[in-house]
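A.B. asks: prediction below, plus the sequence it came from.
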Amino acid sequence: MANEPNYSSNPSKDEPKKEKVRVIPLEYIDEFPGHPFKVLDDESMQKLMNSIEEIGVQSPIVARIKEDQRYEIISGHRRVHACRRLGLKLIPAIVRDLSRDEAIIAMVDANLQREHILPSEKAAAYKMKMDAMKRRAGRPSKNNSAPLEQNFGITTRDVLAQESPDSSEQIRRYIRLNELVPELLEMVDRESIAFRPAVELSYLSKDQQQSLHDTMECEDCTPSLAQAIKMKEFSKDGRLTDEVILSIMQEEKPNQVEQFKIPKERISKYFAPGTPAQKIEDTIVKALEMYRKRERQRDMER
């Protein structure tokens, strides 16, 4: 039986600014709108559930009170999900008085600390935070009433980079990924398309991206950076037709070598959905090395 959190009751109304851990019914908690970070029922989630079942929720979630007096998760979506799956009714939480934009910034900052973040998650998170920062910069504040862009030429993205693990230019590239159609963005997450080519492909129209995806599926290939840049230039000039896309994708890459390909359906049962292509390849190579080593040992024993 999972342990219900054992914390004190709601803090006094006389101390609204002082952070205290309180117990909140899960039924009054909502997810953050547009939360860009995926919550998956994977092995990591199962480990979290096992931990909560054994010792309870050790780290309180962070939430804010909405206008309708319900709570909104700032940090702790996975913990809330795990508790709900375990059938718990309560969860420990720190409740903060935050505006919508302050909540967005806090939510992104908390989740960017995760060990594994997909490109699509970073893309959406950076855009959400930068938009929130721009809205806040456009309003008077206690310290400075001027928008960030007017302060010594420093842009909002520059300030965002100072608070993030990525440079300003890298953040720009991540935000560009939001312009990809879902099929291509998913391929970036799976590492089927490299990051830099994907950024260049984001400048193609939605119809052109869809045509490219269909060509990639048909030809069983992915674009190099050079090919992606070429398609971007053709698109800018209004000359990127389906035929041009096919012609570019059929070009032989300078470093292209003959590849041995295995149909996905023959090996899919051995790997979890969404496993990156590189990890699948590494696992197969490792298995073959172990097989060869075992065969050599058998030959020596004969």
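C.D. replies: Received, thanks. A quick note: this is a predicted structure, and the numbers were derived from the prediction, not measured. Residues are numbered from 1 along each chain as shown.

A.B. asks: low-confidence regions, the stretch 201-302 of the chain specifically.
C.D. replies: 253-261, 299, 301-302 (pLDDT under 70).

A.B. asks: state the phi and psi torsions of the nearest residue to residue 205 once chain neighbours are set aside.
C.D. replies: Nearest non-adjacent residue to residue 205, counting by Cβ to Cβ, 6 or more residues apart in numbering: residue 235, 6.8 Å away. (Glycine included, C-beta is placed from N, CA and C.) Here is the backbone geometry of residue 235 (degrees, to the nearest 10): phi -70, psi -40.

A.B. asks: please report how far residue 235 lies from residue 82.
C.D. replies: In this view, residue 235 and residue 82 are 45 Å apart by Cβ to Cβ, to the nearest Å.

A.B. asks: residue 98: how many residues sit nearby?
C.D. replies: 18 (other Cβ atoms under 10 Å).

A.B. asks: same question but for residue 157, I mixed them up
C.D. replies: 21.

A.B. asks: cool, and residue 72?
C.D. replies: By other Cβ under 10 Å, the residues close to residue 72 number 20.

A.B. asks: part of a strand, is it?
C.D. replies: Yes. According to DSSP: H, G, I helix; E, B strand; the rest coil, residue 72 belongs to a strand.

A.B. asks: and it, bridged to which residues?
C.D. replies: residue 30, residue 64 (DSSP bridges).

A.B. asks: from residue 75, how far off is residue 23?
C.D. replies: 17 Å.

A.B. asks: and if you look at residue 237?
C.D. replies: 46 Å.

A.B. asks: looking at those two, which is more packed in?
C.D. replies: In this view residue 237 and residue 75 are compared by other Cβ under 10 Å, and residue 75 has more residues nearby, 20 against 8.

A.B. asks: need phi/psi at the more buried one.
C.D. replies: phi -140, psi 130.

A.B. asks: just to check, it is in contact with residue 106?
C.D. replies: Yes. The criterion here is Cβ atoms under 8 Å, and residue 75 meets it with residue 106 at 7.4 Å.

A.B. asks: for the strand or helix carrying residue 300, what is the distance to the chain centroid?
C.D. replies: Counting by DSSP states H and E, the element that carries residue 300 is helix 277-301. Helix 277-301 sits 33 Å away from the centroid of its parent chain (Cα atoms, centre = their mean, to the nearest Å).

A.B. asks: quick one: buried residues of that helix?
C.D. replies: residue 280 (16 or more other Cβ atoms under 10 Å).

A.B. asks: and stretch 72-86, by the same measure?
C.D. replies: 72, 73, 74, 75, 76, 77, 78, 79, 80, 81, 82, 83.

A.B. asks: among those, which pair sits farthest apart?
C.D. replies: Using Cβ to Cβ, the pair of these lying farthest apart is 72 and 82, separated by 18.1 Å.

A.B. asks: dump the buried residues of stretch 72-86 into CSV; add pLDDT and distance to residue 206 as well.
C.D. replies: Formatted as CSV, the buried residues of stretch 72-86 follow (pLDDT from 0 to 100; distance: Cβ to Cβ, whole Å):
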residue, pLDDT, distance to residue 206
72, 96, 32
73, 96, 32
74, 95, 33
75, 94, 34
76, 94, 35
77, 95, 30
78, 95, 32
79, 96, 37
80, 97, 35
81, 97, 32
82, 97, 37
83, 97, 39
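
A.B. asks: okay, those in TSV with distance to residue 203 next?
C.D. replies: As requested, the buried residues of stretch 72-86 are exported to TSV (distance: Cβ to Cβ, whole Å):
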residue	distance to residue 203
72	35
73	35
74	34
75	34
76	37
77	32
78	35
79	39
80	38
81	36
82	40
83	43
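
A.B. asks: tell me the buried residues in stretch 114-131?
C.D. replies: Buried-residue list, stretch 114-131, by 16+ other Cβ under 10 Å: 117-130.
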